[in-house]
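Q: requesting a structural model of the entry that follows:
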Amino acid sequence: MSAVGGPGEHEHLLDVRDLAVTFPVKGGGLLRRTIGHVQAVSGVSFTLAPGETLGIVGESGCGKSTTCRAVLQLHRPTAGSVRFAGRELTTLSQRQLRAVRRDLQIVFQDPYASLNPTMPVNDIVAEPLKIHGRWGRTGPGRTGPDRVAELLRIVGLTPEHGNRYPHEISGGQRQRVGLARALALQPRLLVLDEPVSALDVSVRAGIVNLLADLQDRLGLGYLLIAHDLSVVRHLCDRVAVMYLGRIVETGTRDDVYTRPMHPYTRALLSAAPTPDPEVERRRERIILAGDVPSPVNPPSGCRFRTRCGMARDRCASEVPALVDRAGGHPVACHFAEIREVPRDVDRTRPEQR
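A: Model (predicted):
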């Protein structure tokens, strides 16, 4: 399978091809035998250019976070290739990965759980510099404390925050500390694992605007995992939609949001509320039947077919390839061009339900 979207081969910052991650399922008893495998990620391919943002969206459990952790080699892939700046990561030892990880950092979903509660903010931000031997001098005429103060300023905090502990600052400020720590080693790629979902609505906009500003100033590449489709639309250049471990549609932000072609993408977008009450009243919503199948035993053929109103016999016997069906807009659906209302799907206006 070819990588999805993006620029030419020589311009890739990240090139992921046919990525697969499985986890063993252990049975009960003393022997704890493996009785099955969870196919968390299966055949995922995408590229990312320097300074670009790729958003990965989908329901909980679809493999978004596992994909990104496999990119960082926090989960070792079962199969596939992950090339960062032309270097294959899946074959590197832990010692070799340590040097590469200076360029690959992650910002976690929960800003409280990801910070050491026994360390003041200054020490949290300084830790990467100390681990990677950059504490003594971080540049001409600068030392570690100078760099920490600069990082706090960059993310909108003051030196006073550096003397506080995580429980003494707000959720939005904690997420800014997480960002400062991730930026300490001047990475080229940030994985943003739902960076605003644990925050109050009132502070989300500030963090989203900060992420956009940092990308403009520092030229960072972002791999963004998010449930909030409005955040994805604001930050991302391209969007990849995942369902049960596979990418089912990808394209530019405008392509995916204005011309969704996969029935699952259409259902996701139909569920997103709009701020205009008139538009909201007229909005039609696609309600999918049934539950997400188990990744231990996914459906044959198209994994979405058990919830899709357009499913036919072909969907059960043939896995749809993720191929370009509309000028740079790849979709994994045998009937992507069909725009009719799916059968057996409750598609109604909210006030009629």
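
Q: can you give me the neighbour number for residue 181?
A: 23 (other Cβ atoms under 10 Å). Placement of C-beta: from N, CA and C, glycine included.

Q: now do it, the pLDDT please.
A: If you check residue 181, the pLDDT there is 97.

Q: so what pairs up with the closest residue in space to residue 58 that isn't next to it in sequence in the strands?
A: Distances taken as Cβ to Cβ, 6 or more residues apart in numbering place residue 242 nearest to residue 58, at 3.8 Å, with adjacent residues excluded. Residues in a beta bridge with residue 242, per DSSP bridges, are residue 247.

Q: now do the contacts for residue 242.
A: 44, 56, 57, 58, 62, 63, 64, 67, 248 (Cβ atoms under 8 Å, 6 or more residues apart in numbering).

Q: do you know how far the nearest residue to residue 260 once chain neighbours are set aside is from residue 62?
A: Leaving out its chain neighbours, the residue that sits closest to residue 260 by Cβ to Cβ, 6+ apart is residue 266, at 4.8 Å. Computed as Cβ to Cβ, to the nearest Å, the residue 266 to residue 62 distance reads 16 Å.

Q: between the two, who's got more neighbours?
A: Using other Cβ under 10 Å as the criterion, residue 266 and residue 62 rank with residue 62 on top: 25 against 18.

Q: quick check: chain neighbours aside, which residue is closest to the more buried one?
A: Per Cβ to Cβ, 6+ apart, closest to residue 62 is residue 242, 4.5 Å.

Q: and if you look at residue 329?
A: Nearest residue to residue 329, sequence neighbours excluded (Cβ to Cβ, 6+ apart): residue 251, at 4.0 Å.

Q: okay, and residue 98 sits in which element?
A: Per DSSP states H and E, residue 98 falls inside helix 94-100.

Q: give me the contacts around that helix.
A: Outside helix 94-100, the residues that touch it by Cβ under 8 Å, 6+ apart are 73, 84, 87, 89, 92.

Q: which phi and psi does the residue nearest to residue 272 when sequence neighbours are not counted have?
A: Of all residues not flanking residue 272 in the chain, residue 229 sits nearest, at 4.5 Å (Cβ to Cβ, 6+ apart). With angles defined as degrees, to the nearest 10, residue 229 sits at phi -70, psi -20.

Q: list the contacts of residue 229.
A: Counting by Cβ under 8 Å, 6+ apart, residue 229 has contacts 57, 268, 269, 272.

Q: quick check: it vs residue 43, distance?
A: Applying Cβ to Cβ to residue 229 and residue 43 gives a distance of 24 Å.

Q: I'd guessed residue 157 sits against residue 181; true?
A: No. Using Cβ atoms under 8 Å, residue 157 is not in contact with residue 181; the gap is 11.7 Å.
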